[in-house]
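> Next one to model:
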Amino acid sequence: MPQAPISRRRFTLAATAAATLPMPVLAQGAWPSKPIRIIVPYTPGGFTDQMARLVQVGLQARLGQPVLIDNKPGANSLIGVDAIAKAPPDGTTFGVVIAAYAANTTLYPKLPYDPQKDLTGVSLMGISPLLAAVNINAPFKTARELIDYARANPGKVSFGSSGNGSAAHLTTELWKSLTQTYMIHIPYRGAVPALTDLMGGQIQLFFDAPTGLINQAKAGKVRLIGVAGDKRLSAAPDVPTFIEQGFAGFTGSTWAGMLAPAGTPRDIVKRMSEELARIIKSDETRAKLDAMGTIPAGSTPEEFDAFIKAETAKWGKVIRTADVKAE
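The predicted structure follows:
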């Protein structure tokens, strides 16, 4: 009989302790209880879409809920990013963005969202240094020969991009600034038509993510002249970096990272970041990224926010120097 009051007291203490647990712990334990939507601000099949789908199955397995990809293209990603920013911050909606997200902060004088107040970083997923390709019949076969030709023939070299303010456009503008050359920009509505015109000889130069150029180079349809990264890509080991070729400090890349609406509980953001890192750093995913010419990341939310800040400053300077205007 004397044991009963002690048991009741222990039960009361345990119940009181459970009731006073910090809410983030309880929220994390309950999340996710609904399907998760990942907004992609571009059409299916491109680099951004590929990166989102690369982690989709792994997230479903690890989180125990369906993960749905929702493509919302248009306005250089502004439509999709705005949808991420205005989604309920309840841990059911995330988004995958690329380098244009950082550039758009400077490119557009007025955005439908505030990058600082309406969105928060979850994780940098991967970085894809751009490759430069030239037409196989162009009168230059190396990066140095191209620059020499451009200096001797101002305005006779035209370069394509997937649109004003795209990573391809801004990387080429940065190279023009570093080399003091004048080349004509031809913007396209996407990488595919730009690559088509490169192969057809309508333009002479095109920077793009490795996934879009490596196979065409192997087929002898374009010539790769440089990697805009710190080191060579294992997917294209014979292509030297621009730094190796004497263009000190010249790098340019596209990248993919996940965002969440501001106000999403921090424990949920942290959990999603951790799950992404586990998937991205797995041997299976790393092998797929390697074949894409993409360097695996898997950062913390704080690291990704700092990365976005640095990218915004870097490309903002290029945009202002080259006087790039939105389409």
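
> Extract the C-alpha set from stretch 110-125 and format it as CSV.
What follows is stretch 110-125, C-alpha atoms only, in CSV (Å, rounded to 0.1, in the frame of the first residue of the first chain):
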residue,chain,number,x,y,z
LYS,A,110,11.3,45.4,-57.8
LEU,A,111,10.7,41.8,-56.9
PRO,A,112,7.4,40.3,-55.9
TYR,A,113,9.1,38.9,-52.8
ASP,A,114,11.8,40.1,-50.3
PRO,A,115,14.7,37.6,-50.4
GLN,A,116,15.8,38.7,-46.9
LYS,A,117,12.4,38.6,-45.2
ASP,A,118,10.3,36.1,-47.1
LEU,A,119,12.7,33.2,-47.6
THR,A,120,15.3,31.2,-45.7
GLY,A,121,18.1,28.9,-46.8
VAL,A,122,17.9,25.2,-46.1
SER,A,123,20.9,23.7,-47.9
LEU,A,124,23.3,24.2,-50.8
MET,A,125,22.9,20.9,-52.7
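
> Okay, buried residues for it please.
113, 115, 118-125 (16 or more other Cβ atoms under 10 Å). (Glycine included, C-beta is placed from N, CA and C.)

> Which ones among these map onto strands?
Among the buried residues of stretch 110-125, DSSP state E puts 119-125 in strands.

> Show me which of the buried residues of stretch 110-125 is closest to residue 253.
For the buried residues of stretch 110-125, the residue nearest residue 253 by Cβ to Cβ is residue 124; the value is 11.4 Å.

> Residue 33 and residue 265, how far apart?
13 Å (Cβ to Cβ, to the nearest Å).

> The two: which is more packed in?
Using other Cβ atoms under 10 Å, the more surrounded residue of residue 33 and residue 265 is residue 265, with 17 against 10.

> hmm, back to that, looking at the ones in strands among the buried residues of stretch 110-125, which is nearest residue 222?
Distances from residue 222 to those, taken by Cβ to Cβ, are shortest for residue 125, at 27.0 Å.
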